[in-house]
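Asker: heads up, no residue letters with this:
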């Protein structure tokens with residue numbers, strides 16, 4: 001089983017203009033033109049993107065061999081000039097790294113680590129096993145590579161030691177009323193469910209659980225939520241916030257909504273539930289969420305508020 005993380009969790013040093021951002025590909029392979037576009041966007045924000053040439057390697061559907069991907073990840077954590085690590089994309093393959101990387105190297109060199117989708121596996125592993133604050137947010141060859149791909153306000157708030165800030169919840173719907181405080185945690189539902197029964201099983205007690213996915217049909221969302229529920233992973237959860245859930249439909253005339261499916265499964269938990277937070281697989285403006293810090297969720301009177309109540313990085 002995973003070691004019990006330290007309390008409070010270790011916060012990485014904050015990110016500032018002029019800092020070097022290391023870009024890695026721990027999962028699927030990527031296209032050079034998207035990597036170039038993402039790097040240009042990072043430069044426009046004042047950062048210095050850096051990556052190893054091997055990032056463009058291919059092995060089946062992976063970004064090169066397991067050895068290459070594990071070495072790349074470790075090297076970026078250890079390399080002193082790199083202040084933050086942003087994944088190029090998700091896809092599939094981060095789970096192969098769990099047994100291949102030296103967790104002590106990660107733990108001994110705390111840095112901002114950002115990604116989503118398949119990268120959820122690494123976010124929760126680093127948070128649970130190494131006790132690090134991580135970040136569910138935009139990726140270099142995905143969101144940074146497109147106009148209006150990132151939410152710059154949350155990016156700066158999350159990565160620059162702001163002690164208290166509210167997340168932009170435009171278009172977020174209230175599903176179940178209530179108020180709660182807990183540790184913000186979660187990511188892609190498919191990856192959260194896939195962790196069950198492994199030594200890397202997610203640790204959800206005391207959390208405000210963020211859940212998102214893309215192109216999963218409602219019955220598949222139902223099945224994964226039921227899996228979490230039957231495994232006891234929702235028993236200690238204090239609140240739940242869903243992502244935008246793009247293209248999660250059976251067909252356009254299905255006659256029911258995904259929100260109805262969610263409430264059918266989770267309504268008896270009696271915790272506040274909201275739907276539509278734009279982080280991860282999103283239509284635009286990917287919001288950066290710090291994973292492993294205290295947050296407050298309030299769903300009442302048709303309104304939803306989610307506030308981060310402690311800094312996610314240090315001033316160092």
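Answerer: Looks like it came in fine. The structure displayed is predicted, hence computed values, not measured ones.

Asker: Checking my notes, residue 281 in a strand, right?
Answerer: No - Residue 281 is assigned coil when assessed by DSSP: H, G, I helix; E, B strand; the rest coil, not a strand.

Asker: what about the residue nearest to it when sequence neighbours are not counted, how many neighbours?
Answerer: Counting by CB to CB, 6 or more residues apart in numbering, residue 214 is the residue found nearest to residue 281 once chain neighbours are left out, at 3.6 Å. Backbone N, C-alpha and C define where each C-beta goes, glycine included. Residues lying near residue 214 (other CB atoms under 10 Å) number 17.

Asker: how close does residue 214 sit to residue 248?
Answerer: To residue 248, residue 214 is 7 Å away according to CB to CB, to the nearest Å.

Asker: Next: residue 232.
Answerer: 25 Å.

Asker: out of those two, which sits in the busier spot?
Answerer: Set residue 232 next to residue 248 and count neighbours by other CB under 10 Å: residue 248 wins out with 21 against 11.

Asker: right, and the secondary structure at the more buried one would be what?
Answerer: On the three-state scheme (three-state DSSP), residue 248 is labelled coil.

Asker: For it, give its distance to residue 149.
Answerer: Counting by CB to CB - residue 248 and residue 149 are separated by 20 Å.

Asker: where does this structure have low pLDDT?
Answerer: Where the chain drops to pLDDT under 70, the residues are 1-7.

Asker: any chance you could map the strands in the stretch 201-316 of the chain?
Answerer: 207-212, 239-243, 273-277, 289-291, 294-300, 303-308 (DSSP state E, counting those that start in this stretch).

Asker: so which of the ones you listed gets nearest residue 160?
Answerer: strand 289-291 (11.4 Å; CB to CB).

Asker: ok, and what's touching the closest one?
Answerer: 123-124, 127, 133-137, 154, 158, 167, 184-187, 210, 277, 279, 308, 312 (CB atoms under 8 Å, 6 or more residues apart in numbering).

Asker: The residues you listed in strands, which ones?
Answerer: Of the contacts of strand 289-291, the ones assigned to strands by DSSP state E are 134-136, 184-187, 210, 277, 308.

Asker: quick one: which of the residues you listed is nearest residue 295?
Answerer: Nearest to residue 295 among the ones in strands among the contacts of strand 289-291, with distances taken as CB to CB, is residue 184, at 4.2 Å.

Asker: Specify the beta-bridge partners of the closest one.
Answerer: Under DSSP bridges, the beta-bridge partners of residue 184 are residue 208.

Asker: Give the closest residue to the most centrally placed residue in the chain in space, chain neighbours not counted.
Answerer: Nearest to the geometric centre of the chain sits residue 136, at 2.5 Å (CA atoms, centre = their mean). Among residues not flanking residue 136 along the chain, residue 289 sits closest, at 4.4 Å (CB to CB, 6+ apart).
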